[in-house]
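Visitor: Predicted model follows, preceded by the sequence.
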Amino acid sequence: MSKQNEVKYSDVKAPRKGTYLEGEVMKVEPKTLYIDVDGYPDVQMHLEYYGEPTWESFIGHVNKGDIVGGKFESGKTSSSLYLNRATSIKEVAFEDIEKLAETKEVIEAKVVKYEEKYLLLSYLDYNLVLPDYLLDHNLKDKKNTLKGKILKVVIDKAERLDNNRFDIRANQIPALMVEREKSKVEAREARDKAYLKEIEDISVGSVHNATVTKVEEHIAFVRIGGIFATLRIGEIDHKYIKDARNAVKEGDTFDVKVISRDGKKLSVSRKALIIPPFAKFMEAHHVGEEVECTLKQKLAIGMIFDIDNEVSGLLHQNEYSWNPNDNLHDFLKEGDKLNLRIVRIDPKLERVGLSRKQLLDNPWEGVDLKRGLTYSFKILEVTRDGIKVGYQKLEIEISNQELFTDKNSKADTYYTVGDNIEARVVDLDAENWVVKLSVRVVKQKEERENFEKYMKEEKTSTQTLGSFLDDTLFDIEEISIKNSKKNKNK
């Protein structure tokens, strides 16, 4: 204590009880502190009034030179003033309790006593009453075992009463709700942390076994271990799928490839692990191969045929037949099967060209007919309206009109299958498979030549009947050729 403060207590007016005094510690004893407070001599504070009930001595806790304060509690005793720090601390503590009653923050309080209808808790040296109806129902039958236990509660009420008494009520129900929610949040955060750690181990391009957990129209959801991923309808298979529910179902398991990862979102593909149908097709088939196909669709330029495993090919109308007048397009219907030859495979565009014509003989190949010349033909068929003759690979029909000069004559009364006849080519268009023969013109020429021969022998006049007939027969032949062209144009 400074010399200036070395004055007798009787010379100093005592402060009012409860006045807060503060000063520098001048001396430390195990149970007493000596404090230099300006204006007051011999100020002391005993250990029991410091407010630290667990301390057994000031030594090691308070040092000379520390600033310590408290409320004046004692009256005149000998020549000393006594301070009580504990009451100051407790006052501050009650202010804290009042704030907790407003904020409803969860605190931990110790059970010090149990009664018939409540528990008595201790917090900041204050007693808190916890009624049974605000106690966790799982603990109501265990009240006698809770003494000394720590409970999490909130303060519902904190009120000052007279004579330094307080009414503080605790409530465990909100605390339980808060704790449960906190536990949920912590559990969710733990799951998210574990999920992120697990998903970090999954790299784009890696392959995993997946189980379908849910399927909607355009998307399926799969699980890879504890990780969930999306499988979009376009990544299920190479073939067209209208509804994902028709392609996969809950519980299905298959390998998938990770195609993208964005945070916790994972996208996978089953299609990426399936060999594309066109690649399989190229392994199994080659150009020039004959395959059985099924008509899928008719187009203006041809027909689309399914070959196998979702691979289709185009049969262009130019590949129907060697015959440009072939009506294959009208003859077939969807679902009909037809043998076709693969004539083109385009791996880049994944297209296949088909041909029926390549499986058929071209009857016009090597045909040496020329218009205006006469050839020998073999009769293949005889009907009342005409005959069918063969030449090389061609089969040609000749009507009664081109067989006879007499309009009333019928082929079946004059010709027999297997006979050979002479006929002139009066019209020829190999590109459009058109050839017209006339036996009548040959016969007329023969008759004209025979008549001329006869007239020469008779030494007719300058203008012989033979020359007249020759001109006439020539005109008939030309008329026949012109009529043939007109019929073709029609």
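Guide: Cool, the structure landed.
Visitor: ok, and the closest non-adjacent residue to residue 419?
Guide: residue 379 (4.8 Å; C-beta to C-beta, 6 or more residues apart in numbering). In this view, the C-beta of every residue, glycine as well, is placed from N, C-alpha and C.
Visitor: swap in residue 149?
Guide: residue 111 (5.1 Å).
Visitor: Provide a list of residues in contact with that neighbour.
Guide: 119, 120, 121, 146, 147, 148, 149, 150, 151 (C-beta atoms under 8 Å, 6 or more residues apart in numbering).
Visitor: Wasn't it part of a strand?
Guide: Yes. Checked against DSSP: H, G, I helix; E, B strand; the rest coil, residue 111 lies within a strand.
Visitor: Just give me how far the host helix or strand of the residue nearest to residue 419 sits from the chain centre.
Guide: Using DSSP states H and E, residue 379 sits within strand 374-383. Distance of strand 374-383 from the chain centroid (C-alpha atoms, centre = their mean, to the nearest Å) equals 70 Å.
Visitor: One more: stretch 32-46?
Guide: 81 Å.
Visitor: Flag every buried residue along that stretch.
Guide: Neighbour counts over stretch 32-46 (16 or more other C-beta atoms under 10 Å) mark 33, 34, 35, 36, 37, 40, 41, 42, 43, 44, 45, 46 as buried.
Visitor: residues in contact with the residue nearest to residue 419?
Guide: 387, 388, 389, 415, 416, 417, 418, 419, 420, 421.
Visitor: do the same with residue 66
Guide: 24, 25.
Visitor: For the remainder of this discussion, apply numbering that starts at 52.
Guide: I'll keep to 52 as the first residue from here, and by that count the last item is residue 117.
Visitor: mind giving me the domain split of the chain?
Guide: What automatic domain parsing lists as the domains of the chain is 54-140, 155-252, 258-324, 328-410, 412-531.
Visitor: Out of those, the one nearest residue 148 is which?
Guide: domain 155-252 (4.7 Å; C-beta to C-beta).
Visitor: picking that back up, could the buried residues of stretch 83-97 go into JSON lines alongside secondary structure, pLDDT and distance to residue 502?
Guide: Formatted as JSON lines, these follow (DSSP: H, G, I helix; E, B strand; the rest coil; pLDDT from 0 to 100; distance: C-beta to C-beta, whole Å):
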{"residue": "84", "secondary structure": "strand", "pLDDT": "92", "distance to residue 502": "167"}
{"residue": "85", "secondary structure": "strand", "pLDDT": "92", "distance to residue 502": "171"}
{"residue": "86", "secondary structure": "strand", "pLDDT": "91", "distance to residue 502": "168"}
{"residue": "87", "secondary structure": "strand", "pLDDT": "89", "distance to residue 502": "170"}
{"residue": "88", "secondary structure": "strand", "pLDDT": "87", "distance to residue 502": "169"}
{"residue": "91", "secondary structure": "strand", "pLDDT": "79", "distance to residue 502": "173"}
{"residue": "92", "secondary structure": "strand", "pLDDT": "71", "distance to residue 502": "178"}
{"residue": "93", "secondary structure": "strand", "pLDDT": "79", "distance to residue 502": "177"}
{"residue": "94", "secondary structure": "strand", "pLDDT": "88", "distance to residue 502": "171"}
{"residue": "95", "secondary structure": "strand", "pLDDT": "90", "distance to residue 502": "172"}
{"residue": "96", "secondary structure": "strand", "pLDDT": "89", "distance to residue 502": "166"}
{"residue": "97", "secondary structure": "strand", "pLDDT": "90", "distance to residue 502": "169"}
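Visitor: now the strands for the stretch 152-301 of the chain?
Guide: 158-165, 169-174, 177-182, 201-211, 217-222, 258-266, 270-275, 278-283 (DSSP state E, counting those that start in this stretch).
Visitor: Kindly reformat these as CSV containing mean pLDDT.
Guide: Listed next are the strands of the stretch 152-301 of the chain as CSV, based on pLDDT from 0 to 100:
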stretch, mean pLDDT
strand 158-165, 92
strand 169-174, 92
strand 177-182, 92
strand 201-211, 92
strand 217-222, 92
strand 258-266, 95
strand 270-275, 95
strand 278-283, 94
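Visitor: follow-up on the earlier one: going by neighbour count, which residues in the following helix or strand past the strand holding residue 430 are buried?
Guide: Sequence-wise, the next helix or strand downstream of strand 425-434 (DSSP H and E) is strand 437-442. By neighbour count on 16+ other C-beta under 10 Å, the buried set for strand 437-442 is 437, 438, 439, 440, 442.
Visitor: name the helices or strands packed onto the helix or strand just after strand 437-442?
Guide: Remark: after strand 437-442, the chain's next helix or strand is strand 445-450, criterion DSSP H and E. Applying 3 or more C-beta pairs under 8 Å, 6 or more residues apart in numbering; DSSP states H and E, we find strand 445-450 packed against strand 437-442, strand 485-489.
Visitor: what residues are up against residue 79?
Guide: Per C-beta under 8 Å, 6+ apart, neighbours of residue 79: 85, 109, 110, 113, 114, 115.
Visitor: sorry, back to before: tabulate the strands of the stretch 152-301 of the chain (JSON lines), appending distance to residue 400.
Guide: Shown next, in JSON lines, are the strands of the stretch 152-301 of the chain (distance: least, C-beta to C-beta, whole Å):
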{"stretch": "strand 158-165", "distance to residue 400": "75"}
{"stretch": "strand 169-174", "distance to residue 400": "81"}
{"stretch": "strand 177-182", "distance to residue 400": "81"}
{"stretch": "strand 201-211", "distance to residue 400": "71"}
{"stretch": "strand 217-222", "distance to residue 400": "76"}
{"stretch": "strand 258-266", "distance to residue 400": "29"}
{"stretch": "strand 270-275", "distance to residue 400": "29"}
{"stretch": "strand 278-283", "distance to residue 400": "25"}
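Visitor: Tell me which of these lies nearest to residue 488.
Guide: Per C-beta to C-beta, nearest to residue 488 of those: strand 278-283, 67.1 Å.
Visitor: and after that closest one, which helix or strand comes next?
Guide: Next along from strand 278-283, by DSSP H and E: strand 304-313.
Visitor: Any buried residues in that following strand, and which?
Guide: By neighbour count on 16+ other C-beta under 10 Å, the buried set for strand 304-313 is 307, 308, 309, 310, 312.
Visitor: Please list all residues in contact with the fourth one.
Guide: This points to residue 310. Counting by C-beta under 8 Å, 6+ apart, residue 310 has contacts 255, 286, 318, 319, 320, 323.
Visitor: Go again with 7 Å.
Guide: 255, 318, 319, 320, 323 (C-beta atoms under 7 Å, 6 or more residues apart in numbering).
Visitor: from those residues, which single one is nearest residue 415?
Guide: Distances from residue 415 to those, taken by C-beta to C-beta, are shortest for residue 323, at 51.2 Å.
Visitor: Could you give the number of residues near that closest one?
Guide: 15 (other C-beta atoms under 10 Å).
Visitor: isn't it right next to residue 305, touching?
Guide: No. Using C-beta atoms under 7 Å, residue 323 makes no contact with residue 305, being 11.9 Å away.
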